[in-house]
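**Student:** with the input below, show me the fold.
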Amino acid sequence: MVSARKSVREAEKIDRQSAAIFQEETKKNRFRLTSIHHHHSPPNTEMFARTAIPAFRAASVRAFSTQAASTGTASARRYMGAAALAAGGALTYSAFAAPSVHLEGPTTIAGELGTSTEKSYVMIKPDGVSRQIVGDIISRFERRGYKLVALKTLIPSEELAKEHYIDLAKKPFYGGLVKYITSGTPVVAMVWQGKDVIRQGRRLVGATNPLDAAPGSIRGDFCVSVGRNIIHASDSHESATKEIGLWFHEKELATEYKPIAWDMIMADN
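**Tutor:** Numbers count the residues shown, from 1 in each chain. Below is the predicted model of the structure:
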């Protein structure tokens, strides 16, 4: 009898530990993404991601490793079953509530990574506009199957150019880059949408230094100087979120229309 009561107390302790672990891990995996502000940017976006798999692992290990020391009484088995059920519930929660494994962050103005809603910011720089190869660049993205959901031609203000290249602010060429982008020749700002468009867009563009860019890429075909490398493309979901929000208002994105072959291009089977 004493042994049975001891087993029940141990099982109850495990049950409490499992619940506590689940709550703690959920809190730890919560994070916030705040969209960048600009004079025409959409409001801040707050998204939270919850991951229950660590809780499942911790709860299941604790529950079933302790089971070996159990007396096998009915009461102990009930409590161990409850612990296992809690662990299974954590896994079910994770499967239905957690974001896609492809995500670096939550769904934002840049869409969801790995899906047909994914978006990337692409900008043809003044040298690309001056050389009149805008149409050729656009056709490369279109031929790949991506859809153009926003486009504008503008001469960026100094403030806008500085904010766009803020990550390069400490580089010695920062001032010259800002001066070049705001020189008076316009840029063509675009948003492209489609599966894996951020990563594939970078491949279409080519290496930052054109001398390292593969033939067939935009930079590999059209330029030789890193200071005049024709085009910019977002390099991550985070940068796409920032850059799209910086250059466009969300209402400017024509995301709902479908090119005639869109479903066929984006289908997996």
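**Student:** residue boundaries of the helices in the stretch 51-200 of the chain?
**Tutor:** For the stretch 51-200 of the chain, the helices defined by DSSP state H, counting those that start in this stretch cover 53-67, 74-97, 126-130, 134-144, 158-164, 174-181, 197-205.
**Student:** packing partners of the following helix or strand past the last one?
**Tutor:** In this case it means helix 197-205. Per DSSP states H and E, the first helix or strand lying C-terminal to helix 197-205 is helix 218-222. Secondary-structure packing of helix 218-222 (3 or more Cβ pairs under 8 Å, 6 or more residues apart in numbering; DSSP states H and E): helix 197-205. The C-beta positions use only the backbone N, C-alpha and C, and glycine is treated the same way.
**Student:** buried residues of the helix it packs on, list them for me.
**Tutor:** 197-202, 204-205 (16 or more other Cβ atoms under 10 Å).
**Student:** which strands and helices sit next to that helix?
**Tutor:** If contacts are counted by 3+ Cβ pairs under 8 Å, 6+ apart, helix 197-205 sits against strand 119-124, helix 134-144, helix 218-222, strand 231-233.
**Student:** right, so the ones you listed: which one is the most enclosed?
**Tutor:** The highest mean neighbour count among the helices and strands packed on helix 197-205, using mean count of other Cβ atoms under 10 Å, belongs to strand 119-124: a mean of 26.
**Student:** could you pull up the mean pLDDT of that strand?
**Tutor:** For strand 119-124, mean pLDDT is 98.
**Student:** and what of stretch 258-269?
**Tutor:** 91.
**Student:** so how far does that stretch reach from one end to the other?
**Tutor:** Between the opening and closing residues of stretch 258-269 there is a gap of 18 Å (Cα to Cα, to the nearest Å).
**Student:** what is the end-to-end distance of stretch 259-269?
**Tutor:** Stretch 259-269: ends 18 Å apart by Cα to Cα.
**Student:** buried stuff in that stretch?
**Tutor:** For stretch 259-269, by 16+ other Cβ under 10 Å, it's 262, 266.
**Student:** thanks a lot, catch you later.
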